[in-house]
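Participant: Provided below for reference: sequence and predicted model.
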Amino acid sequence: MTTQSQSTTQWNLDPTHSEVQFKVKHLVISTVTGAFNSFSATAHTNEEGWNNAQIEFTADINSIDTNNEQRDGHLKSAEFFDAESFPQLQFKSTQFTHKSDNQYELQGDLTIKNVTKNVSLNVEFGGEMVDPYGNHKAGFEVSGEINRHDFDLTWNAVTEAGGVVVGPNIKLLMNIQFAKA
């Protein structure tokens, strides 16, 4: 947490150099990849650099894209995300801790369908650089896994052989680039 004696720096998401993807098992034999095409994030850092940064992230559920319009519609429906009632998923950090070298752990509260759970994500800091236009940038690769059932994303079907259509675990993969405000 920052104190009043420390100055803070705001960083805004550079959406053209960022992506948010997820992966889920289908029929337990293959993986389906999807993405959120509309999302935003901010970070606030202090003199300690990225350690203890405060990060907020939102994604627009209606921007979900699995490269299949019918599946996307099902994911937006009340059987999954219920985009009409819950148009965004939200994340607010509670801790951003430097572990070693360029490795961090990001903990925070993830809210999906009005259900909030604390999650832990692995973060690899790619570094900071000034682009050709004088903008100060910072890059991160974020990964982790959540159980969709924890967030009331419980729809499923069973195959004739007794297998499940959609696995419970969702892998999260994000490449995030921030620009200093």
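Facilitator: Thanks, I have the structure now.

Participant: Ser100 and Ala43: what is the separation?
Facilitator: 20 Å (CB to CB, to the nearest Å). From N, CA and C alone the C-beta is placed, and that goes for glycine too.

Participant: The two: which is more packed in?
Facilitator: Ala43 (24 against 6; other CB atoms under 10 Å).

Participant: Work out for me the element that one sits within.
Facilitator: Assigned by DSSP states H and E, Ala43 belongs to strand 39-46.

Participant: per-residue confidence averaged over the helix or strand that comes right after that strand?
Facilitator: With elements assigned by DSSP H and E, the helix or strand that comes after strand 39-46 is strand 49-60. In this model, strand 49-60 carries a mean pLDDT of 95.

Participant: same for the following helix or strand past strand 49-60, what does it pack against?
Facilitator: Counting by DSSP H and E, the element after strand 49-60 in chain order, helix or strand, is strand 64-65. Counting contacts by 3 or more CB pairs under 8 Å, 6 or more residues apart in numbering; DSSP states H and E, strand 64-65 packs against strand 30-36, helix 69-76.

Participant: For the last one, which outside residues touch it?
Facilitator: Residues lying outside helix 69-76 but in contact with it, judged by CB atoms under 8 Å, 6 or more residues apart in numbering, are Val32, Gly34, Ile61, Asn62, Ile64, Asp65, Thr66, Phe80, Phe81, Asp82, Ala83, Glu84.

Participant: what about this structure, any weak spots by pLDDT?
Facilitator: Residue ranges of the chain with pLDDT under 70: 1-6, 25-30, 155-167.

Participant: re the thing from before, can you put the helices and strands packed on strand 64-65 in TSV and add mean neighbour count and distance to Asn169?
Facilitator: Putting those into TSV (neighbours: other CB atoms under 10 Å; distance: least, CB to CB, whole Å) gives the following:
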stretch	mean neighbour count	distance to Asn169
strand 30-36	15	11
helix 69-76	14	16
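
Participant: Tell me which of those lies nearest to Gly126.
Facilitator: The closest of these to Gly126 is strand 30-36. By CB to CB, the value is 19.6 Å.

Participant: in the protein, which spans are strands?
Facilitator: 9-13, 19-26, 30-36, 39-46, 49-60, 64-65, 88-100, 103-112, 115-130, 136-147, 166-180 (DSSP state E).

Participant: what comes up buried for the last one?
Facilitator: Of the residues in strand 166-180, those with enough neighbours to count as buried (16 or more other CB atoms under 10 Å) are Val166, Gly167, Ile170, Lys171, Leu172, Met174, Asn175, Ile176, Gln177, Phe178.

Participant: Fine by me, thanks again.
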